[in-house]
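Engineer: Fold the following for me, if possible:
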Amino acid sequence: MTTAHGTIAIVGCGPKGMYALDALCQAAQEAPSQKFDVHIFEPSPYPGAGPIYDPGQSEILLMNFPAKFIDAWTDGRGPDLRAWLKERDMAVASGAYVPRALVGRYLTWCFEKTVADAPSNLRLKIHPRRVTGLRQSKGGWVISPGNVAADEVLVTTGHQNWSRRGQAENPFAIPSPFPVDRVLSEAAIPAGTTVTCKGFALTFLDTMLALTEGRGGVFTETGQGYRYRPSGREPRLIAPFSRTGRPMRAKVEEDHFVPPQDNTFWENWIADFDATLKETPGTTFRDDVWPALLRSADRTLDQPPGSAAAFFDDWQGCAFGPARCCEELRKGYAVALGLVAPDIGWALGEAWRRCYPQIVRWVSHRALGPKDAACFRHIAAEMERLAFGPPAQNVGKLICLEKAGLVSFDHLNGDAAAEIIIDATIPPAGSADLSQPLAGLLRDGHLSVGALGAIIVNTRAQALVDSVPVPGLSIIGRATEGSVLGNDTLSRSLHDLPERWAERVVIPATVSTHRKLEHIA
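Structural biologist: Numbering: from 1, shown residues only. This is a model prediction of the structure:
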């Protein structure tokens, strides 16, 4: 867009929308002669945080990655989370897993700072409502409700249908545990009831903690694990079930865990891995990328070639029963606390974590063939369990509650009779569970879906249909997961889509017409 004045809309302003707004502010500073009206649509009362990082939610719900990685800014233009907390006399360790509510307060402050520091050539208007429709019109888009016209629309609606409110077809008595303070209250789930939970991942842990610690139960750390003192307000039994029965492995505790290899090993390995991805023609995930990761896991622990492959085949070869589930939880927890030596499962997860930025760059915006896409989907789902599991303290609490008899793994296949059933999963990333306005855009042919089940966008976040950008329509976030990998992160270093999008919609007036055409191309 090269006009002297334009209208931009950002639909959804959680963290991704805020990052885009900040990038837009930075780009607009470089084009002072251009003026823009910017409409921001966010139904949550906490723009920047959104419902996922609601500052008012329970403090027992923790982040899934350490505080040291949470930074809403680029180029040091604002404080990262730890610096922001230190300014408020709330210093936390770099490896601490802080409450999501605390991060929500930080993100809300960052949004307010972004708005306060916006350049004068951006006129911002915040609409505290949900967008239900986008209709293409001559030269742009019309946003409903309100019939707001915009030349450019960026949709960053994040977790689609995250609370599943109003889904009458959902067979579960409680279709989502969020927000836990209201949905999982004692009025909804009385003390002494039997509860089953579909899902055995991060959302289940949130549910479990809300129904125990959140009701006044007290965990005491012992050094080897936890003890639990019940409040008497808990359910009688909490029984998770899932298709695979496989648990998530605990993240290591940095204060206790000693890695078997130093950073030099990983720097050299990642450099070789990166070179392989860039220089090998016809690289595929199944035949090149995944075997390289398996080899790196073997080398991490000086294991015989094929050790990681054998572990992975055994791990995903069948559904886990109660005994195998308990064994894997305890093994991963002991490794995380440094109580036992790291095993090949840890090494494989570490290889995936260390090489993840390279995997993200290689997969994003790449058209994988059907077989390679199916292979990647399957392996990536398992590596979520091995590489991106919960904080060790939450796994320790799960083990403690299972020992105390408040949690049971005896019904991982879902055969428990229960008074209340909770859907403790989250809607899948990509295009599988879109809400408005994305559902309508897909229905009307303005979006396309790739082999990994994602809404397809280019490197400037523009929606693509038949490889052609849809004029004035861009998408950033979970709906594109697969077209762009790694959307579920607060990191601004993993992706530069907000910056690329902002540079495209704000072209500095000082560059020549030739340069403008180059920039758009």
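
Engineer: Pop the domain breakdown of this structure in here.
Structural biologist: The chain breaks down by automatic domain parsing into domains covering 5-54+123-162+429-520, 263-389.

Engineer: Which of the ones you listed sits closest to Leu412?
Structural biologist: Closest of the domains of the chain to Leu412 is domain 263-389, at 6.4 Å (criterion: C-beta to C-beta). Every C-beta, even on glycine, is put in place using the N, C-alpha and C of the backbone.

Engineer: Pull the distance from that closest one to the chain's centre.
Structural biologist: Taking the mean of its C-alpha atoms, domain 263-389 sits 19 Å from the chain's own mean (C-alpha atoms, centre = their mean, to the nearest Å).

Engineer: Give me the distance between the two termini of it.
Structural biologist: Separation of the first and last residues of domain 263-389 by C-alpha to C-alpha, to the nearest Å is 22 Å.

Engineer: Next: stretch 176-183.
Structural biologist: End residues of stretch 176-183 are separated by 8 Å (C-alpha to C-alpha).

Engineer: still on that earlier bit, point out the most buried one among the domains of the chain.
Structural biologist: Among the domains of the chain, domain 5-54+123-162+429-520 has the highest mean neighbour count (mean count of other C-beta atoms under 10 Å), at a mean of 20.

Engineer: State the mean pLDDT of it.
Structural biologist: The average pLDDT within domain 5-54+123-162+429-520 is 89.

Engineer: hang on, the earlier thing: make TSV out of the domains of the chain and add distance to Ser408.
Structural biologist: Shown next, in TSV, are these (distance: least, C-beta to C-beta, whole Å):
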stretch	distance to Ser408
domain 5-54+123-162+429-520	27
domain 263-389	8
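
Engineer: closest to Glu213 out of the ones you listed?
Structural biologist: Of all the domains of the chain, domain 263-389 sits nearest to Glu213, with 17.5 Å by C-beta to C-beta.

Engineer: so what's Gly67 scoring on pLDDT?
Structural biologist: You called it Gly, but residue 67 is Ala. Reported pLDDT at Ala67 in the predicted model: 94.

Engineer: so where do the strands sit in the stretch 351-500 of the chain?
Structural biologist: Under the criterion DSSP state E, counting those that start in this stretch, the stretch 351-500 of the chain carries strands at the ranges 420-423, 462-465, 468-475.

Engineer: and of those strands, who's closest to Cys110?
Structural biologist: Between these, strand 468-475 lies closest to Cys110; by C-beta to C-beta that is 21.5 Å.

Engineer: So what are the sheet partners of the closest one and their directions?
Structural biologist: Using DSSP bridges, the strands paired with strand 468-475 in its sheet are strand 152-155 (parallel), strand 462-465 (antiparallel).

Engineer: how far does that strand sit from the chain's center?
Structural biologist: With C-alpha atoms, centre = their mean, you get 24 Å for strand 468-475.

Engineer: who touches it?
Structural biologist: Residues outside strand 468-475 that contact it (C-beta atoms under 8 Å, 6 or more residues apart in numbering) are 134, 140-141, 150-156, 438, 441, 446-447, 455, 457-458, 460-464, 501.

Engineer: if I read this right, Tyr333 contacts Ala392, doesn't it?
Structural biologist: Yes - Tyr333 is within contact range of Ala392, at 6.2 Å (criterion: C-beta atoms under 8 Å).

Engineer: between these two, what contacts are shared?
Structural biologist: In contact with both Tyr333 and Ala392: Ala250, using C-beta under 8 Å, 6+ apart.

Engineer: Excluding chain neighbours, give the residue nearest to Arg478 in space.
Structural biologist: Ala429 (4.4 Å; C-beta to C-beta, 6 or more residues apart in numbering).

Engineer: What separation do you get for that neighbour and Thr459?
Structural biologist: 19 Å (C-beta to C-beta, to the nearest Å).

Engineer: wait, doesn't Cys325 sit right on Arg246?
Structural biologist: Yes - between Cys325 and Arg246 there is a contact under C-beta under 8 Å: 7.5 Å.

Engineer: Tell me where the model's unsure across the stretch 101-250 of the chain.
Structural biologist: For the stretch 101-250 of the chain, the stretches with pLDDT under 70 are 159-172.

Engineer: State the distance from Gly245 to Lys251.
Structural biologist: Gly245 sits 21 Å away from Lys251 when distances are taken as C-beta to C-beta.

Engineer: Looking at these two, which is more packed in?
Structural biologist: Counted by other C-beta atoms under 10 Å, Gly245 and Lys251 do not tie: Lys251 has more neighbours, with 25 against 19.

Engineer: residues touching the more buried one, list them.
Structural biologist: 64-65, 336, 389-392.

Engineer: Out of those residues, which comes closest to Glu402?
Structural biologist: Pro390 (14.7 Å).

Engineer: neighbours around the closest one, how many?
Structural biologist: Pro390: 25 neighbours (other C-beta under 10 Å).

Engineer: Now do it, the pLDDT please.
Structural biologist: 96.

Engineer: thought it was touching Leu205?
Structural biologist: Yes - in this structure, Pro390 is within contact of Leu205 by C-beta under 8 Å, at 5.5 Å.
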